[in-house]
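>>> Below are the sequence and a predicted model for it; my questions follow.
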Amino acid sequence: MQKKSKAETLAQQAVEIQQSKDQATAKGMQGTPAGAIWDEIKDKPIEMFALPEQKVHMHCHPVDIEPSKLYLLTNSSSVLPSLEVAVGKGFVVELADRFVTVSRAVLPPTMLRK
């Protein structure tokens, strides 16, 4: 007799639903600057709540609003400082209304190599 696998918990079901929404949104953003930013940062490690092996996509969810910059919904407000550290100096992370926006940082002309 085979053992029955345990039924998924409501939390596991919610995670799967959110992941499928994120994948659909990311697919719609392909070929845009927002999609490129998401592809670049989604798997970066992030320091959250002293939990091991956390990634940006576990705490942030893309929203397709405008193609020039990435709009994210976050699971908690404490994600903002950790996200800034996780994505590094190549991006500008800002809180705008209920979204966090991520765009590429523009280097001043004095910083460009000749």
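Looks like it arrived, so ask away.

>>> and Leu95, helix, strand or coil?
Classification of Leu95 by DSSP: H, G, I helix; E, B strand; the rest coil places it in strand.

>>> Check Lys27 too.
With three-state DSSP as the criterion, Lys27 reads helix.

>>> what do you get for Glu84?
Under three-state DSSP, Glu84 falls in the helix class.

>>> if I read this right, it contacts Val92, doesn't it?
No: contact criterion C-beta atoms under 8 Å: Glu84 and Val92 do not qualify, at 9.0 Å. All C-beta atoms are positioned from the backbone trio N, CA, C, and that covers glycine.

>>> Model confidence score at Gln2, please.
Listed pLDDT for Gln2 reads 52.

>>> next one: the one 4 residues further on
At Lys6, the predicted lDDT confidence score is 69.

>>> surely Gly35 meets Thr25?
No: assessed by C-beta under 8 Å, Gly35 is found out of contact with Thr25, at 9.3 Å.

>>> and after the helix or strand encompassing Ala24, which helix or strand comes next?
Following DSSP states H and E, one finds Ala24 within helix 10-29. The element immediately downstream of helix 10-29 (helix or strand, assigned by DSSP H and E) is helix 33-41.

>>> And the next helix or strand past that next one?
Towards the C-terminus, the helix or strand next in line after helix 33-41, according to DSSP H and E, is strand 60-63.

>>> rewinding a little: so which bits of the helix holding Ala24 are buried?
For helix 10-29, burial by neighbour count (16 or more other C-beta atoms under 10 Å) applies to Asp22, Thr25, Ala26, Met29.

>>> out of these, which one sits closest to Thr74?
Asp22 (12.7 Å; C-beta to C-beta).

>>> List the contacts of the closest one.
Residues near Asp22 by C-beta atoms under 8 Å, 6 or more residues apart in numbering: His57, His61, Pro62.

>>> With that, I have no additional questions.
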